[in-house]
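[1] Got a predicted model here, sequence first, then my questions.
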Amino acid sequence: MVRFTTKSFAAIAVCAALQSYAAMAETYHWLQYAPAGLEVRAVTDQAACPPATVDGAPQTMAVRAAPGEHYPVTACTLPLPAGTKSAAIAGVPVAMPSREPTRIAVIGDTGCRLKGMAVQACNDPQKWPFRLIAEVVAQLKPDLVIHVGDYHYRETPCPEGEAGCAGSPFGDNWPVWRADFFAPADTLLRVAPWVLVRGNHEDCERGGKGWSRILDPYAFDTAKGCNDIGKPLLVRLPGLTLAVMDVATAREERVDDSQVPAFRDHYRALAEVTGPIWIVQHRPIWSPGGTFGGKLIGDSKTLAVAADGLIPENVGLMLSGHHHLFQVLQYQTNLPVQIVSGNSGDALNPGAPTNPAGWVVNGVTVKSGLHVPGSFGFSMFEKKDGGWQITNYDRLGAARTSCVIKDRAATC
């Protein structure tokens, strides 16, 4: 296990900052899952898509999104045929999938918050440690990386006189996407294939244009400039299907009857999927982010109605972000275990670790689990004894808590 000290933390931050400056004219590339399988993606500020090779043969990347307003970059794509053994972009190898993923890293809610009076010190790696976290995860060499959503957080200007965020870009544009995600994640992007989940910060009122152009698994809607909510993406791994749900716009604080039918169709479609399934979606359904005025808050009222009675028995767990903490919830009702891993960069949810047993969320009672706010970090799934062990790590790579998930039960 890789461990980092305070001195190495500072060294990585300085080195990464220099790399970020040098990368202003560089191309970022990665491998992600899309509806037809794996796609190599790239985003570049150069005049053309970078050259590619697949199994040693030259290939041409297609333009996914040409430069446009606030986006002076080209997004490129190259689907990989099944059975591809190797690929490279501009001579740099692409991280190909393992035969069977046994180590799956989870990060989420990674950007730096700038919105009105909510100001995070984006220039301080102690207070916004996403770059460090991404480097630590890269050193652990996972077989797969899942980002559970919310990449884009710099929505309004850094207030005058705030040294912690001075010079930061803001808005739905390339400088923000580069600062919030691509520059700090550059090393990790090239270590393993990715599963990318849309968060509420990537809806069309916030960072949705950048998401749609560059990361959305579905084709870019050039006419609208921002993609509508996508249908479920099925990522078929050996022995496991990840059902990636786009719930970015789901109304949280009350039931939105106009949204329920579409989301019900998405959950209903899971009945056609055979074998073990994980639901992967940004917003959790039966999970609070904390309490306010003595009441649990942050669960999704709309999704609770939409999913009611439609989650098949072969769904073993639900994986989400949205709450800026680490959480494992096992329910008294026969529901999948809920994992929340959204503590990889944005300002953390307040509070102290508590025992969630007895919580009642959207009419569902929590039987046992973990609720760990107040610590930046990431999570790692590892196959164990016919199930999966999930370990939550702090930002320096030190293990904090661990649970074994098997048959809709969590042993922590």
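    Arrived safely. Residues are numbered from 1 along each chain as shown.
[2] Show the average pLDDT along stretch 358-368.
    Averaging pLDDT along stretch 358-368 yields 95.
[3] Pull the CA coordinates from that stretch and hand them back as PDB.
    Once side chains and other backbone atoms are set aside, the C-alpha atoms of stretch 358-368 remain, and they are given as PDB (Å, rounded to 0.1, in the frame of the first residue of the first chain):
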ATOM      1  CA  GLY A 358     -32.100   3.400  13.100                       C
ATOM      2  CA  TRP A 359     -32.200   6.200  10.600                       C
ATOM      3  CA  VAL A 360     -35.500   6.300   8.600                       C
ATOM      4  CA  VAL A 361     -34.900   7.600   5.100                       C
ATOM      5  CA  ASN A 362     -37.800   7.800   2.700                       C
ATOM      6  CA  GLY A 363     -39.700   5.300   4.800                       C
ATOM      7  CA  VAL A 364     -36.800   2.800   4.800                       C
ATOM      8  CA  THR A 365     -34.900   2.000   8.000                       C
ATOM      9  CA  VAL A 366     -31.200   1.600   8.200                       C
ATOM     10  CA  LYS A 367     -30.100  -1.600   9.900                       C
ATOM     11  CA  SER A 368     -26.400  -0.900  10.300                       C
END
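[4] Give the buried residues for it.
    For stretch 358-368, burial by neighbour count (16 or more other CB atoms under 10 Å) applies to 359, 361, 362, 364, 366, 367, 368. The way it works is simple: take the backbone N, C-alpha and C, and place the C-beta from them, glycine included.
[5] Sitting in strands, which of the residues you listed do you find?
    Judged by DSSP state E, strands contain the following of those: 361, 364, 366, 367, 368.
[6] about what we covered before: dump the buried residues of stretch 358-368 into a markdown table; add distance to residue 409 as well.
    What follows is those, written out as a markdown table (distance: CB to CB, whole Å):
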| residue | distance to residue 409 |
| --- | --- |
| 359 | 17 |
| 361 | 18 |
| 362 | 21 |
| 364 | 16 |
| 366 | 13 |
| 367 | 9 |
| 368 | 9 |
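[7] related to what we said a few turns ago, could the ones in strands among the buried residues of stretch 358-368 be laid out in TSV, adding distance to residue 287?
    Below are these laid out as TSV (distance: CB to CB, whole Å):
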residue	distance to residue 287
361	7
364	10
366	9
367	14
368	14
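[8] list the contacts for the closest residue to residue 94 other than its chain neighbours?
    The shortest distance from residue 94 to any non-neighbouring residue, by CB to CB, 6 or more residues apart in numbering, is to residue 87 (4.2 Å). Contact analysis of residue 87 by CB atoms under 8 Å, 6 or more residues apart in numbering lists 31, 40, 52, 53, 54, 55, 78, 80, 93, 94, 96.
[9] Using JSON lines, lay out those together with secondary structure and pLDDT.
    Converted to JSON lines, these look like this (DSSP: H, G, I helix; E, B strand; the rest coil; pLDDT from 0 to 100):
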{"residue": "31", "secondary structure": "strand", "pLDDT": "98"}
{"residue": "40", "secondary structure": "strand", "pLDDT": "98"}
{"residue": "52", "secondary structure": "strand", "pLDDT": "98"}
{"residue": "53", "secondary structure": "strand", "pLDDT": "98"}
{"residue": "54", "secondary structure": "strand", "pLDDT": "98"}
{"residue": "55", "secondary structure": "coil", "pLDDT": "98"}
{"residue": "78", "secondary structure": "strand", "pLDDT": "98"}
{"residue": "80", "secondary structure": "coil", "pLDDT": "98"}
{"residue": "93", "secondary structure": "strand", "pLDDT": "96"}
{"residue": "94", "secondary structure": "coil", "pLDDT": "97"}
{"residue": "96", "secondary structure": "coil", "pLDDT": "96"}
